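[1] A structural model of the following input is requested.
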Amino acid sequence: MGLKTFAVEVDLMPKSGYAKEESASGRVTTLMTFKELNPHTQTIFVPNIYVEQLKLLNSNMPTPRTINISYAQPAKGTSSIVETQVFTFAQVARLTIREIGQDIVSLFENMER
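    Numbering: from 1, shown residues only. Sure, this is the predicted structure:
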């Protein structure tokens, strides 16, 4: 089907989701598989700390991305755009960061609380 594994979500699912078959001794890690529906080249700007990890992931992409180091800081007065999905049954929250603004650190601190 052209799917490839690109991510791991450690301890994503609760043990209770596997009670019937008794196949889990604790939270369960999942593999995330993807397929590009509209392959096209892209340039990704990332902080230097993530460059090596993204190069490794990028090496398996059907359509490789150009990875550049981002030295820019968010512009003054900008706000982050973060979408939150809460999956109560799994005791999981998924955050999708659409834009990073000057408030990103305080935003995450508030979300953790």
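[2] partner residues bridging the most centrally placed residue in the chain?
    What sits nearest the mean C-alpha location of the chain, by C-alpha atoms, centre = their mean, is Thr96, with 7.2 Å. Using DSSP bridges, the beta-bridge partners of Thr96 come out as Glu83.
[3] Could you tell me the model confidence score at it?
    Listed pLDDT for Thr96 reads 91.
[4] Hmm, it is touching Ile81, no?
    No. Counting by C-beta atoms under 8 Å, Thr96 stays clear of Ile81, with 9.1 Å between them. C-betas here are computed from N, CA, C, even on glycine.
[5] circling back: give me every residue that touches the residue nearest to the centre of the chain.
    Thr96 sits next to Val82, Glu83, Thr84, Gln85 when contact means C-beta atoms under 8 Å, 6 or more residues apart in numbering.
[6] Most neighbours among those residues, which one?
    Across those, neighbour numbers were computed from other C-beta atoms under 10 Å; Val82 holds the maximum, 17 neighbours.
[7] for the protein, which spans come out with low pLDDT?
    Nowhere does the chain drop to pLDDT under 70.
[8] domain ranges for the chain?
    1-35, 38-71, 73-113 (automatic domain parsing).
[9] show me where the protein has helices.
    Counting by DSSP state H, one finds helices in the chain at the ranges 51-58, 104-112.
[10] Wait, Leu95 touches Met111, no?
    Yes. Counting by C-beta under 8 Å, Met111 is a contact partner of Leu95 at 7.2 Å.
[11] Return every residue with contacts to both of the two.
    Joint contacts of Leu95 and Met111 (C-beta under 8 Å, 6+ apart) are Val82, Thr84.
[12] ok, and the closest non-adjacent residue to Asp11?
    What sits nearest to Asp11 in space, not counting adjacent residues and going by C-beta to C-beta, 6 or more residues apart in numbering, is Arg27, at 3.8 Å.
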